[in-house]
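Trainee: quick one, what's the 3D model for this:
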Amino acid sequence: MSVEQILGSAEPILIAAGGATEGPLWHPGGYLTYVRHRESMLMRLDLGGEAKPIRHDTGEGNGCTLDREGRLVMCEGANRQITRMDAGGLVTTIADRWQGKRLNRPNDIVCRTDGSNYFTDPEASVPQENRELGFAGVFRIAPNGELSVATDECEYPNGLTFSPDESILYVAISRLDDQCIAEGERGEICTHRRIRAFDVASDGSLSNNRVFCDMSSAETGVPDGMKVDTEGRVYCTGSGGIWVISPQGEQIGIILIPEVPRNFTFGGPNLSTMYITAGDSVYSLETKVRGIPAY
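Mentor: Coordinates of the predicted model:
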């Protein structure tokens, strides 16, 4: 299937503006939440309405997911923790330290159907003098709340998602080090932009780390938010737009977005609408595929 077959004639539609948008999440109640990253605000957008803040002081909240009880779980980067918010708005910290050491800067999170949460925790986003762990990791919060390192074999882990059957965990790698940032500023190709894949065992452990897709590019935008559709195609925001990748790791094409996309989610009545956080905006884009829900 080509990008043209996925989209038909659909074009991105601007549905909200303002505030370095991130962390889009479709709720089974039929509405979207997302964060305004710089302003540490969690927004709710009912379709056809205007976005309204439902939580302030999120500590530069970033990636979000839903747990099995429908509670919103958020990566709070500046607060260096993972929190859970119930239907009444009560916020509880569920992870902030591993072996007594503070997390780096939690970035994105996904919930497995067994109730465990996996989140990325890049090290390079924290000043050297404030780092306690000494590595970038993907962590797992077990259903009983126990925190463990799922893998420390990722250079700069960013977005992440499971294959439809949850046998594979994909992790977006934004860069290797500061040299990659300098390459981008000079308009040079960065060869460290990629997606890694791990096999997921029944107990949630990861193995067989390999490069799933090379996303080397000189264009603006790095591998970031990811989702899959029901056929196993992987969608990853990155250089030039949203990359569409086959289950075999082959690039199908790139979905063009008016601003540099950071993340997206599938939503709508049929889970076939992309809600994309890009630049300072939120866009909707109708597709002919069906996504995997966060619940």
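Trainee: going forward, measure contacts and count neighbours with C-alpha atoms only.
Mentor: OK.
Trainee: quote the end-to-end distance of stretch 159-174.
Mentor: With Cα to Cα, to the nearest Å as the measure, stretch 159-174 spans 9 Å from end to end.
Trainee: so for that stretch, mean pLDDT?
Mentor: Confidence for stretch 159-174, expressed as mean pLDDT, is 97.
Trainee: same question for stretch 194-204.
Mentor: Mean pLDDT, stretch 194-204: 97.
Trainee: Glu129 in helix, strand or coil?
Mentor: With DSSP: H, G, I helix; E, B strand; the rest coil as the basis, the three-state label of Glu129 is helix.
Trainee: residues near it, how many?
Mentor: By other Cα atoms under 10 Å, the residues close to Glu129 number 6.
Trainee: pLDDT score for it?
Mentor: For Glu129, pLDDT reads 94.
Trainee: please apply the same query to Asn62.
Mentor: For Asn62, the model assigns a pLDDT of 97.
Trainee: what's the helix or strand for it?
Mentor: Using DSSP states H and E, Asn62 sits in strand 61-66.
Trainee: other SSEs contacting the helix or strand just after that strand?
Mentor: Later in the chain than strand 61-66, the nearest helix or strand by DSSP H and E is strand 72-76. Secondary-structure packing of strand 72-76 (3 or more Cα pairs under 8 Å, 6 or more residues apart in numbering; DSSP states H and E): strand 61-66, strand 81-85, strand 109-111.
Trainee: what's the closest of these to Asn270?
Mentor: Among the helices and strands packed on strand 72-76, strand 61-66 comes nearest to Asn270, with 18.1 Å by Cα to Cα.
Trainee: partner strands of the closest one, parallel or antiparallel?
Mentor: Its sheet considered, strand 61-66 pairs with strand 72-76 (antiparallel) by DSSP bridges.
Trainee: quick one: find the helix or strand in the protein with the lowest mean pLDDT.
Mentor: Of all helical and strand segments in the chain, the minimum by mean pLDDT, DSSP states H and E falls on helix 178-185, at a mean of 75.
Trainee: how many neighbours does Met74 have?
Mentor: Each residue near Met74 was counted by other Cα under 10 Å, and the total is 30.
Trainee: show the contacting residues for Ala182.
Mentor: By Cα atoms under 8 Å, 6 or more residues apart in numbering, no residues touch Ala182.
Trainee: distance-wise, check it relative to Val138.
Mentor: 25 Å.
Trainee: same deal with Thr120?
Mentor: With distances taken as Cα to Cα, Thr120 is found 4 Å from Val138.
Trainee: shared neighbours of those two, anything?
Mentor: Between them, Thr120 and Val138 share the contacting residues Pro157, judged by Cα under 8 Å, 6+ apart.
Trainee: so for those two, which sits in the more crowded spot?
Mentor: Each of Thr120 and Val138 has its neighbours counted (other Cα under 10 Å); Thr120 has more, 29 against 26.
Trainee: quickly note the distance from that one to Asp86.
Mentor: According to Cα to Cα, Thr120 and Asp86 sit 22 Å apart.
Trainee: next: Tyr283.
Mentor: Distance of Tyr283 to Asp86, computed by Cα to Cα: 27 Å.
Trainee: more neighbours: these two, which one.
Mentor: When neighbours are counted by other Cα under 10 Å, Tyr283 and Asp86 differ, and Tyr283 comes out ahead with 21 against 13.
Trainee: rewinding a little: which elements pack onto the helix or strand that the least confident helix or strand of the chain is followed by?
Mentor: Using DSSP H and E, the helix or strand that directly follows helix 178-185 along the chain is strand 194-200. Judged by 3+ Cα pairs under 8 Å, 6+ apart, strand 194-200 is in contact with strand 168-173, strand 206-214.
Trainee: could you give the angle of strand 194-200 to strand 206-214?
Mentor: Counting by axes from the mean of the first three to the mean of the last three Cα atoms, to 10 degrees, strand 194-200 lies at 150 degrees to strand 206-214.
Trainee: name the surrounding residues that touch strand 194-200.
Mentor: Contact with strand 194-200 is made by 154, 166-174, 206-216, 223, as judged by Cα under 8 Å, 6+ apart.
Trainee: and if you look at stretch 247-259?
Mentor: Under Cα under 8 Å, 6+ apart, the answer for stretch 247-259 is 1-3, 12, 212-213, 232-234, 240-246, 278-279, 281.
Trainee: avg pLDDT for that stretch?
Mentor: 96.
Trainee: how far away from the center of its chain is it?
Mentor: Taking the mean of its C-alpha atoms, stretch 247-259 sits 16 Å from the chain's own mean (Cα atoms, centre = their mean, to the nearest Å).
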